[in-house]
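Colleague: Pasting the sequence and the predicted model now:
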Amino acid sequence: MSAPIPIQVHYHKQARELELIYEDDVSFRLSVEYLRVFSPSAEVRGHGGPESATLQVGKKDVGLANISRVGRYAIKLHFDDGHDSGLYSWDYLHDLIQHRETNWADYLKRLEEAGASREPLGIEIKQL
């Protein structure tokens, strides 16, 4: 069975959250940081399974520059750090919603083990 398709996708810029609104007014919000850290792109996930994934660090303040629809099955998120190579299928987004707490706890554990941080490194300069 495939995941439900949202009837609306809304970016809350101030909160840096993507809201997926489904029928019957059911909605879920996912932080942009969470979406960036768990990007389905090969750049993040690697080419050979979980052990080849690249740990994403310093993404706490990442935002979205744009959202593009990809057919009827996915959206493409254009992050303001330049990353835009992952396609977020409705199935993948539903999986991220269902496993949010477990995924996030695992991510924080991996960050700690690597001695890394969610905080951005250096001074971030954004083009206006």
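Modeller: Perfect, thanks for sending it.
Colleague: Relative to Tyr92, how far out is the residue of the chain most remote from its centre?
Modeller: For the chain, the largest distance from the centre (Cα atoms, centre = their mean) belongs to Asp24, which lies 24.4 Å off. Distance of Asp24 to Tyr92, given as Cβ to Cβ, to the nearest Å: 22 Å. (C-beta placed from N, C-alpha, C; glycine too.)
Colleague: Give the burial count for Ala53, as a bare number.
Modeller: Neighbours of Ala53 under the rule other Cβ atoms under 10 Å: 16.
Colleague: right, I mislabeled it, should have said His83
Modeller: Per other Cβ under 10 Å, the neighbour tally for His83 reads 18.
Colleague: Let me see the backbone angles for the residue farthest from the centre of the chain.
Modeller: In terms of degrees, to the nearest 10, the main-chain angles of Asp24 are phi 60, psi 20.
Colleague: Identify each buried residue in the lengthiest helix in the chain, please.
Modeller: For the chain, the helix with the greatest residue count under DSSP state H is helix 100-114. The neighbour-count check on helix 100-114 (16 or more other Cβ atoms under 10 Å) flags 104, 107, 111 as buried.
Colleague: can you list contacts of it?
Modeller: With Cβ atoms under 8 Å, 6 or more residues apart in numbering as the test, helix 100-114 has contacts from 30, 34, 37-38, 55, 57, 96, 117-118.
Colleague: at 6 Å instead, please
Modeller: Contacts with helix 100-114, where a contact means Cβ atoms under 6 Å, 6 or more residues apart in numbering, come from 37, 55.
Colleague: just stretch 12-23 next, same as before
Modeller: Stretch 12-23 has contacts (Cβ under 6 Å, 6+ apart) with 4, 6-11, 27-32, 63.
Colleague: Mind checking which of those residues are in strands?
Modeller: 8-11, 27-31 (DSSP state E).
Colleague: I'd like those as TSV, with neighbour count appended.
Modeller: Below are the ones in strands among the contacts of stretch 12-23 laid out as TSV (neighbours: other Cβ atoms under 10 Å):
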residue	neighbour count
Gln8	9
Val9	15
His10	13
Tyr11	16
Ser27	13
Phe28	17
Arg29	14
Leu30	17
Ser31	18
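Colleague: closest to Ser68 among the residues you listed?
Modeller: Distance to Ser68 across these (Cβ to Cβ) is lowest for Val9, with 10.7 Å.
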